[in-house]
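Engineer: Sharing a sequence plus its predicted fold:
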Amino acid sequence: MSSARGARSGMLHHKENNPAEGQAGKRQRTAAGTGRQPLASAPPPPPEEPMVFAGREDVDALLTEKMKGKNKMDYKGKSEQMMEYIKKLRACIKWLLEREDANLAEIGKLSGLLESAEKQHSEIVAELKNSIEETKSINEELQKQYASLQQTLKMVEAEKMDALRALGDEKEARMDVESSKNEILEDLKKAKLEEKRLNDQIKMLQDTNRRLQEYNTSLQQYNCNLQADTTKNSETIAKLQKEKNTMVETMNGLKDHANSVKMQLDLAKSLQNEAAKQKNDLLKEVEGLRMELQHVREDRDSKSAQVDSLMFEIGTYKEMTGKTVMDLDSAMIRTSALEETCSSQRETIRTLEIKLAAADERLKRSDLTASETMTEFENQKKLLESALSRLEEAEQQILDGEKLRKKLHNTILELKGNIRVFCRVRPLLPNESGAVSYPKSGENLGRGIELIHNAQAYSFTFDKVFDHSASQQDVFIEISQLVQSALDGYKVCIFAYGQTGSGKTYTMMGNPELDDKKGLIPRSLEQIFQASQSLNSQGWKYKMQASMLEIYNETIRDLLVTNRINSQDGGSSKYNIKHDANGNTNVSDLTVVDVISINEVSSLLRRAAQSRSVGRTQMNEESSRSHCVFTLRIFGVNEGTDQQVQGVLNLIDLAGSERLNKSGATGDRLKETQAINKSLSCLSDVIFSIAKKDEHVPFRNSKLTYLLQPCLGGDSKTLMFVNLSPEVSSTGESICSLRFAARVNSCEIGIPRRQTQMRNSQ
Ligand SMILES: Nc1ncnc2c1ncn2[C@@H]1O[C@H](COP(=O)(O)OP(=O)(O)OP(=O)(O)O)[C@@H](O)[C@H]1O
């Protein structure tokens, strides 16, 4: 078909592409058609060109072509026209034949195509048959499916009904939900506002956090500086110590010198007094002598007068020659005696005058010595005073240095955030032999302890180790800073951990009635009272509340309750522990006593001790079977600055930590020991969990840990005493206690925070 089309279009193309030829053809046809030229003058006909047919229209035009010329008699012209027409017809026939051939060829092609199309058709029919078959089977299948679907549909219908019902319900619910949605939307709006506010707060907090980080960095810097300062201070302290020693030596020398000067002065004074006395005596003597001299002189004069009169008498006698020689001789003897007396008296006067001059001289000299001694004494006194003031200054510097050292030490520890651990070893009792030793020098001096067990040495180091010779005061000095922190608004927790009989109660309570046996509780209270009074001058007013309880087998006992008989019916609602958002703990129905004076404290402690001893007979035979918790809450307000602080001091005497096999317990005692072990292990779980920064800290696993929750968290200052018995039989237990303490010592629980705020911010 395409070839036929090509042939045809080729012809048309031919016609169209040769316009000159076409024009010529038309002209030819026109000339042939019109035949107007006269035959005589007609030029010879042009060579014949084959007639070109473009299509059926040309054939129709040829067939409808009429004879031209009106002259019916012009036969020649007619015959030429006929000839021309015949030629055209021939060409037309030829064209038609060509077309027929082409058509036939096309038909041949088309029949080939038809055949193949038929073949394809039969194939398609077969395929269709197959598909119909398949469709039939599918249809059957679908019918089946339809039936089952009908079934399902019924079920679905039923379900739909249920669903519609549910939908109704749901609609109602939705209405409810809509209303609650509206409420929620309201809430959401509020929440958005709140969120905005919180975002602002977060921004602020982030800002604060950034500033805190900066502050932290500066603190770290400060810490470095502090450490450097500590080193410098230690050096300065050492220097000051040296200086102090030399000063003490100088002072001792000065004191000796002052003493000797004083003695000299006293001697000089006594000498002076003596000299003055002597002088007075001498003066008196001189006076007497002068008087005597006067008498003697007068006597001499009278005697001289007598002599003269006697001489005169002699003369008169001689003159009168009536006198005897005897009278004359006696008179002569008396005269010579009188002369002798006179000369001896003169001698005496001379010696007395010499003595007087010497006494005067001595007096002058002693006066001089006394004034010299006085000036020297004054100088020495001044020297002594300046040396004493220097000594005082040096001592103050040492004290300041020591305070600074402690403060720095405290700050460093605070920055480290560790739980501090002190170890205390009680003295050996009679008939006990010890297995504990301490380093004699080096960096672990005062911090190390060594035990020998089964011929093996075990060494431990802590923040401080107190040996058997440490007094209650020595121990207290080391924790006094911590006690002071409670006044400054920190939460402070001090435990005593160790086996029964290792000295926990002695360390915590001791004997409050005896000055040198008082433990940490009475001493801390005394310090807090004294410090709070001295802070009065800076505008601080403090209020203190004390409570004391005992936890035995997970049961709380109030140790300060006054009417125990009425309080026995407590029931399960009693002594419920609750913490508020500020980390303050409240134990329902627990006696809380306002303590105003130190005297009240002693009676309070007596009451608690009595209560404990009653409990001991009623519930547990020994105090070591229960935990005893003393709590002092401190509320301080500064009238001048409106600053408020809230501190807590917890002092805890834990139950004995001995293991089950050591206690050899059975029955109730076994239950009791298990309870103690459980609560102690809960305590260690809590400490280790805080140290690991676990998300969940198991505070609620025991009454003790739950009670102390706010004081065990990161913002409190915690100190643990590990108490040890030094005797050989306790070494195993002691090593267990020391291992536990060492683990606790390595724990970081965070940086303590002070609880302080402004009064009007409440
Ligand atoms: N540092 C010490 N100096 C003198 N005596 C001490 C010292 N430590 C303990 N003691 C004495 O040792 C004995 C046992 O001490 P303490 O009762 O304090 O031990 P404990 O561990 O508290 O035992 P418990 O839990 O049974 O009360 C007591 O007689 C106590 O006076």
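Structural biologist: That came through, no problem.

Engineer: where in the stretch 451-600 of the chain is pLDDT low?
Structural biologist: 563-573 (pLDDT under 70).

Engineer: what residues does it put near the ligand?
Structural biologist: With the criterion set to C-beta under 6 Å from any ligand atom, the stretch 451-600 of the chain comes near the ligand through Gly498, Thr500, Gly501, Ser502, Gly503, Lys504, Thr505, Tyr506. C-betas here are computed from N, CA, C, even on glycine.

Engineer: residues in this protein within reach of the ligand, list them.
Structural biologist: Checking the chain against the ligand by C-beta under 6 Å from any ligand atom, the hits are 426-427, 498, 500-506, 622-624, 656, 723.

Engineer: Confirm Ser441 sits in a helix?
Structural biologist: No - under DSSP: H, G, I helix; E, B strand; the rest coil, Ser441 sits outside any helix and is assigned coil.

Engineer: Specify the beta-bridge partners of Met720.
Structural biologist: In this entry, Met720 is beta-bridged to Val421, Phe495, by DSSP bridges.

Engineer: hmm, back to that, and the residues of the stretch 451-600 of the chain next to the ligand, which two are the farthest apart?
Structural biologist: The largest separation in these, counting by C-beta to C-beta, is between Thr500 and Tyr506 at 12.2 Å.

Engineer: on that earlier part again, which ones among the residues of the stretch 451-600 of the chain next to the ligand map onto helices?
Structural biologist: Judged by DSSP state H, helices contain the following of these: Lys504, Thr505, Tyr506.

Engineer: For the residue of the stretch 301-450 of the chain found nearest the ligand, which non-adjacent residue is spatially closest?
Structural biologist: Per C-beta to the nearest ligand atom, Arg426 is where the stretch 301-450 of the chain lies closest to the ligand, at 3.3 Å. Leaving aside its sequence neighbours, Arg426 sits nearest to Gly503 (C-beta to C-beta, 6 or more residues apart in numbering; 3.7 Å).

Engineer: What is the burial count for the one you found?
Structural biologist: The tally of other residues near Gly503 (other C-beta atoms under 10 Å) stands at 23.

Engineer: swap in Gly108?
Structural biologist: For Gly108, using other C-beta under 10 Å, the count is 10.

Engineer: For my notes, confirm it occurs in a strand.
Structural biologist: No - assessed with three-state DSSP, Gly108 is helix; it does not lie in a strand.

Engineer: gap between it and the ligand?
Structural biologist: Between Gly108 and the ligand the computed distance is 127 Å (C-beta to the nearest ligand atom, to the nearest Å).

Engineer: Show me what the helix or strand where Glu392 lies is packed against.
Structural biologist: Take DSSP states H and E as the rule and Glu392 turns out to sit in helix 325-416. Judged by 3 or more C-beta pairs under 8 Å, 6 or more residues apart in numbering; DSSP states H and E, the packing partners of helix 325-416 are helix 75-320, helix 472-487.

Engineer: so which of those is the most packed in?
Structural biologist: Highest mean neighbour count of these: helix 472-487, a mean of 19 (counted as mean count of other C-beta atoms under 10 Å).

Engineer: Output it as PDB, nothing but the C-alphas.
Structural biologist: Extracted in PDB, the C-alpha atoms of helix 472-487 (Å, rounded to 0.1, in the frame of the first residue of the first chain):
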ATOM      1  CA  GLN A 472      37.800  14.300 122.000                       C
ATOM      2  CA  GLN A 473      39.000  17.900 121.500                       C
ATOM      3  CA  ASP A 474      41.600  16.900 118.900                       C
ATOM      4  CA  VAL A 475      38.800  15.100 116.900                       C
ATOM      5  CA  PHE A 476      36.400  18.000 117.300                       C
ATOM      6  CA  ILE A 477      38.900  20.600 116.100                       C
ATOM      7  CA  GLU A 478      39.000  18.800 112.700                       C
ATOM      8  CA  ILE A 479      35.300  18.800 112.300                       C
ATOM      9  CA  SER A 480      34.600  22.300 113.800                       C
ATOM     10  CA  GLN A 481      34.700  23.900 110.300                       C
ATOM     11  CA  LEU A 482      32.100  21.500 109.100                       C
ATOM     12  CA  VAL A 483      29.900  22.300 112.100                       C
ATOM     13  CA  GLN A 484      30.400  26.000 111.300                       C
ATOM     14  CA  SER A 485      29.100  25.300 107.800                       C
ATOM     15  CA  ALA A 486      25.700  24.300 109.300                       C
ATOM     16  CA  LEU A 487      25.500  27.800 110.700                       C
END
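
Engineer: what's the angle between it and helix 325-416?
Structural biologist: Angle, helix 472-487 to helix 325-416, by axes from the mean of the first three to the mean of the last three C-alpha atoms, to 10 degrees: 50 degrees.

Engineer: Now do the same for Thr152: its pLDDT.
Structural biologist: Looking at Thr152, its pLDDT stands at 81.

Engineer: do the same with the one 4 residues further on
Structural biologist: According to the per-residue confidence, Val156 scores 78 in pLDDT.
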